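> got a predicted structure here, sequence first:
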Amino acid sequence: MEPTIPLYNIAKEPEGYSAPGFFATKLDYVVGLARKNSIWPLPFATSCCGIEFMATMGAHYDLGRFGAERLSFSPRQADLLMVMGTIAKKMGPILHQVYEQMAEPRWVIAVGACAASGGVFDTYSVLQGIDLVVPVDVYVPGCPPRPEQIIDGFMLIQELAANEPLRRRYSPEYRELLASYGIK
Ligand code: SF4
């Protein structure tokens, strides 16, 4: 008999207490579970790493399997800023503005050597890493990184989203981090 392939996967329930007809857990866990599996990425692609992202969204790698097939081209409806490509210094303020326009909670991935550190372009015109203008949660190395690496970085963001305490965004440490980037 042919093995049956499930049409969908059910996310694993968070830690908690269960009995017949009863399950109790922490609100943080439930919110984390929902956030983890419904991340809306905003692709900020400027050069070759963007092509790898296109492959990551295509049928073979299919980032949609992780609940992220709804790309957002408006920062106001995005959870995850994915920066892919060389960022010129002139573009720095624009990237900063895009980040500011995103609602909390928001995460950032620097995809590839250029976004993470300027890559091979140690020149007067290229920003030497996007963390000079926005806080970064995950760095994906490579020039370019393969789609598997991008997915790996995305899964790290999922772990952050699942395990983030609800109060983190109100903490003095987080406020301080934003203030260091000139964000109120
Ligand atoms: S890291 Fe390499 S592949 Fe990616 S944008 Fe820079 S030069 Fe292109």
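Great, that's in hand.
> need phi/psi at Phe23.
Taking degrees, to the nearest 10, you get phi -150, psi 130 for the backbone angles of Phe23.
> Pro14 is in contact with that one, correct?
No. Between Phe23 and Pro14 there is no contact under Cβ atoms under 8 Å: 9.6 Å. To be clear about C-beta, it is placed using only N, CA and C from the backbone, and glycine gets the same treatment.
> who's more crowded, these two?
Comparing Phe23 with Pro14 by neighbour count (other Cβ atoms under 10 Å), the higher total belongs to Pro14, at 16 against 10.
> got a list of what that one touches?
Pro14 makes contacts with 25-26, 29-30, 32-33, as judged by Cβ atoms under 8 Å, 6 or more residues apart in numbering.
> how about the nearest residue to the residue nearest in space to the middle of the chain, chain neighbours excluded?
Among the residues of the chain, the one closest to the centroid is Leu80, at 3.9 Å (Cα atoms, centre = their mean). The shortest distance from Leu80 to any non-neighbouring residue, by Cβ to Cβ, 6 or more residues apart in numbering, is to Pro41 (4.4 Å).
> mind pulling up the pLDDT for the residue nearest to the centre of the chain?
On pLDDT, Leu80 comes in at 97.
> tell me the bridge partners for it.
Pro41, Trp107 (DSSP bridges).
> what sits against it?
Applying Cβ under 8 Å, 6+ apart, the residues contacting Leu80 are 39-42, 68, 106-109, 154, 157.
> 7 Å instead, please
39-42, 107, 109, 157 (Cβ atoms under 7 Å, 6 or more residues apart in numbering).
> tell me how far the top helix by length along the chain is from the chain's mean position?
Ranked by number of residues, the top helix in the chain under DSSP state H is helix 147-163. Helix 147-163 sits 7 Å away from the centroid of its parent chain (Cα atoms, centre = their mean, to the nearest Å).
> again, but for stretch 144-152
Distance of stretch 144-152 from its chain centroid, counting by Cα atoms, centre = their mean, is 13 Å.
> now do it, average pLDDT.
On average, the pLDDT along stretch 144-152 is 96.
> show me which positions of it end up buried.
Within stretch 144-152, the residues scored as buried using 16 or more other Cβ atoms under 10 Å are 144-145, 147, 149-151.
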